[in-house]
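[1] need coordinates for the below:
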Amino acid sequence: MSEIKIDDTVDITDVVCPVTFVKAKVALEELDEGQILSIRMNDGEPVQNVPRSIKEEGHQILKLDDNEDGTYTLYVKKVED
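    Here you go, the predicted model:
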């Protein structure tokens, strides 16, 4: 896979569900269609819930990377409704 061009990054490791998704959603809303957001989050609940919630909003999940420090980075492509 070619290098993902990231347009914006949000770190939600300092917040807990459901704020994690809200923070990610707000960051996504600020992007233009087709732009890519990288979301850094903690293992556990955020990794299970945030990607699913983003998918339900209709955005495209590109990749989920294990940072091997208890955090993950999720790459999301914004899709307009």
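[2] check which helix or strand Lys23 maps to.
    Element membership for Lys23 (DSSP states H and E) is helix 19-29.
[3] I'd like the average pLDDT over the very next helix or strand once past that helix.
    Beyond helix 19-29 in the direction of the C-terminus, DSSP H and E gives the next helix or strand as strand 36-42. In this model, strand 36-42 has a mean pLDDT of 97.
[4] what helices or strands is strand 36-42 leaning on?
    Counting contacts by 3 or more C-beta pairs under 8 Å, 6 or more residues apart in numbering; DSSP states H and E, strand 36-42 is packed against strand 8-11, helix 19-29, helix 45-56, strand 71-77. All C-beta spots, glycine's among them, are computed from the backbone N, C-alpha and C.
[5] about what we covered before: give me the buried positions along the helix holding Lys23.
    20-21, 23-24, 27-28 (16 or more other C-beta atoms under 10 Å).
[6] ok, now stretch 5-16?
    Buried residues in stretch 5-16, defined by neighbour count with 16+ other C-beta under 10 Å: 10, 12-13, 15.
[7] can you give me the end-to-end distance of it?
    27 Å (C-alpha to C-alpha, to the nearest Å).
[8] how close does the residue nearest the centre of the chain get to Glu3?
    In the chain, the residue lying closest to the centroid (C-alpha atoms, centre = their mean) is Ile39, at 3.8 Å. Ile39 sits 18 Å away from Glu3, going by C-beta to C-beta, to the nearest Å.
[9] what about this protein, any weak spots by pLDDT?
    Where the chain drops to pLDDT under 70, the residues are 1-2.
[10] mind running it again at 50?
    Applying pLDDT under 50 to the chain flags the ranges 1.
[11] residues in contact with Val76?
    For Val76, the contact set (C-beta atoms under 8 Å, 6 or more residues apart in numbering) comprises 24, 28, 36-39, 54, 59-62.
[12] what pairs with it across the strands?
    Per DSSP bridges, the residues bridged to Val76 are Leu37, Ile61.
[13] measure it to Val15 for me?
    Per C-beta to C-beta, Val76 is found 17 Å from Val15.
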